[in-house]
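> Please work out how this folds:
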Amino acid sequence: MANPLRSEVIKLYKNLLYLGHEYPKGSAYFRERLKSAFMKNKDVTDPEKIRKLVDRGEFVIKELEALYFLRKYRTMKQRYYEPEK
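Predicted structure coming up:
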């Protein structure tokens, strides 16, 4: 019997992998860290524990989006506003 959370885990992995393309330390660094994090938890079978791990991954997605938004905001601010003195 397949785990019903399997599709959510795969979707989470793909979303994180896509977001890792813009990671400041490089996509290769992010991909290695992502793979090791998922491999560390590959033997978890308890649905409640898997749900907690998926929720943590979704939190990481929100944090990455905030990081990218802040970086874009800072870039635009540097381009279009004079430096404060």
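> In stretch 54-64, which residues are buried?
Applying a neighbour-count criterion of 16 or more other Cβ atoms under 10 Å, one finds G57, V60, L64 buried in stretch 54-64. (Glycine included, C-beta is placed from N, CA and C.)
> ok now the helix of greatest length in the chain, how far from the chain's centre?
Secondary structure of the chain read by DSSP state H shows that its longest helix is helix 47-80. Put simply, helix 47-80 sits 7 Å off its chain's centre (Cα atoms, centre = their mean, to the nearest Å).
> now stretch 38-55
16 Å.
> Now do the worst-scoring helix or strand of the chain on mean pLDDT: which elements does it pack against?
When the helices and strands of the chain are scored by mean pLDDT, DSSP states H and E, helix 47-80 comes last with a mean of 90. For helix 47-80, the packing partners by 3 or more Cβ pairs under 8 Å, 6 or more residues apart in numbering; DSSP states H and E come out as helix 6-19.
> Could you look up the SS state of K25?
coil (DSSP: H, G, I helix; E, B strand; the rest coil).
> And the one 4 residues further on, by the same measure?
Recorded secondary structure, Y29: helix (three-state DSSP).
> Identify the residues contacting it.
Contact analysis of Y29 by Cβ atoms under 8 Å, 6 or more residues apart in numbering lists Y23.
> can you check P4 too?
Taking Cβ under 8 Å, 6+ apart, one finds P47 in contact with P4.
> mind checking which helix or strand the closest residue in space to L16 that isn't next to it in sequence is in?
Excluding its sequence neighbours, the residue lying closest to L16 (Cβ to Cβ, 6 or more residues apart in numbering) is L34, at 5.5 Å. Element membership for L34, per DSSP states H and E: helix 27-40.
> Just want the angle from that helix to helix 6-19.
Relative orientation of helix 27-40 versus helix 6-19 (axes from the mean of the first three to the mean of the last three Cα atoms, to 10 degrees): 160 degrees.
> now helix 27-40, how far from the centre of its chain.
Per Cα atoms, centre = their mean, the centroid offset for helix 27-40 relative to its chain is 10 Å.
> Right, I'll call it a day here.
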